[in-house]
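Student: only geometry, no sequence info:
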């Protein structure tokens with residue numbers, strides 16, 4: 001993961017207070033995570049880091065678009081995404097009360113770099129909606145492939161009566 005060096009912040013030299021960082025995540029970034037559901041896209045991350053004595057408050061503003069397939073018609077399209085997330089980074093040993101918290105990350109006292117590649121990767125994925133559908137056109141119609149939508153709207157074939165005649169005698173029994 002040395003290729004992700006640009007996503008490491010050397011915090012030892014930073015003064016206490018607010019600092020801003022900007023990142024552009026592209027296909028190369030997502031290629032470092034082979035299990036990623038996002039393989040292609042262009043996502044911008046505006047990061048504000050508020051450094052305190054033994055705590056960093058990181059606010060991520062995620063925006064951009066990713067290449068994905070529509071869950072309705074199956075055709076590829078650019079899906080706009082956006083999200084705001086906060087991560088707290090504490091120096092020292094992990095405390096019991098923060099063990100289950102996903103919003104708190106612990107780094108050892110002897111560490112001098114803050115690697116934010118994994119949190120950015122996770123926040124991009126959290127920004128992807130559960131259902132990915134083409135946005136509607138300007139006229140209000142669905143942006144999906146019209147031919148596929150027509151196929152989806154066709155009524156299904158009527159069900160064939162597949163009852164086994166050997167069981168028909170049971171219908172004659174009146175159980176009361």
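Tutor: Perfect, thanks for sending it. Treat the numbers as computed from the prediction; the structure is a model and nothing was measured. Numbers count the residues shown, from 1 in each chain.
Student: so which residue is dead centre in this protein?
Tutor: The C-alpha lying nearest the average C-alpha coordinate of the chain belongs to residue 125 (CA atoms, centre = their mean; 1.4 Å).
Student: that one touches residue 37, doesn't it?
Tutor: Yes - using CB atoms under 8 Å, residue 125 is in contact with residue 37, at 6.5 Å. Bear in mind the C-beta positions are built from the backbone N, C-alpha and C, glycine included.
Student: which SS class is residue 125?
Tutor: Assigned by DSSP: H, G, I helix; E, B strand; the rest coil, the conformation of residue 125 is helix.
Student: ugh, wrong one, residue 83
Tutor: Per three-state DSSP, residue 83 ends up strand.
Student: so what's the residue count around the residue lying closest to it once chain neighbours are set aside?
Tutor: Spatial nearest neighbour of residue 83, chain neighbours left out: residue 127 (3.6 Å); criterion: CB to CB, 6 or more residues apart in numbering. Residues near residue 127, counting by other CB atoms under 10 Å, number 21.
Student: contacting residues around residue 127?
Tutor: 62, 81, 82, 83 (CB atoms under 8 Å, 6 or more residues apart in numbering).
Student: in PyMOL, how would I select the buried members of the residues you listed?
Tutor: Applying 16 or more other CB atoms under 10 Å to those leaves a buried subset, and the PyMOL line that selects it is:
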select buried, resi 62+81
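Student: which of the helices or strands spans residue 28?
Tutor: helix 27-31 (DSSP states H and E).
Student: what about the helices in the protein?
Tutor: 27-31, 117-127, 146-153, 168-172 (DSSP state H).
Student: distance check, residue 132 against residue 23.
Tutor: To residue 23, residue 132 is 23 Å away according to CB to CB, to the nearest Å.
Student: scratch that, residue 29 is what I was asking about
Tutor: Per CB to CB, residue 29 is found 8 Å from residue 23.
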